[in-house]
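In: structure here, sequence nowhere to be found:
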């Protein structure tokens, strides 16, 4: 099975966590996830994270820490999700592909319908 490296960001903004809801047209429609995207050849994980957040959300962030990656098997592919805790720095959020981006408290974020690969990352983050 092919493995795809994907970076994602746990984004802190004003004491809340910014998360993205996948659009109806994406795989896993309407599931919530930490925004990010596929690592391109020759790109570092950190470069990818900055590029993806600028492309998808129009925001700039400061990386605070890396987290333990999670390998998850979907029916058609295996992804290695590489998470970072980041702090929102600037940019007015403009959605390129997601349906919605919202800020939630730690309590509220547990009630969302998450993409399966993101759940272990959420649980680890909430234990920090």
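Out: Received the coordinates, thanks. None of the values given here were measured: they were computed from a predicted structure. Numbering: from 1, shown residues only.
In: buried stuff in the lengthiest strand in the chain?
Out: Assignment by DSSP state E gives strand 78-90 as the longest strand of the chain. Neighbour counts over strand 78-90 (16 or more other C-beta atoms under 10 Å) mark 79, 81-86, 88 as buried. (Glycine included, C-beta is placed from N, CA and C.)
In: who does it touch, helix- and strand-wise?
Out: strand 3-13, helix 45-57, strand 60-66, strand 70-73, helix 119-127 (3 or more C-beta pairs under 8 Å, 6 or more residues apart in numbering; DSSP states H and E).
In: and the helix or strand following that strand, what does it pack onto?
Out: Remark: after strand 78-90, the chain's next helix or strand is strand 100-104, criterion DSSP states H and E. Counting contacts by 3+ C-beta pairs under 8 Å, 6+ apart, strand 100-104 is packed against strand 16-21.
In: just want the most central residue of this structure.
Out: residue 34 (2.3 Å; C-alpha atoms, centre = their mean).
In: next one, pLDDT for that one please.
Out: Listed pLDDT for residue 34 reads 98.
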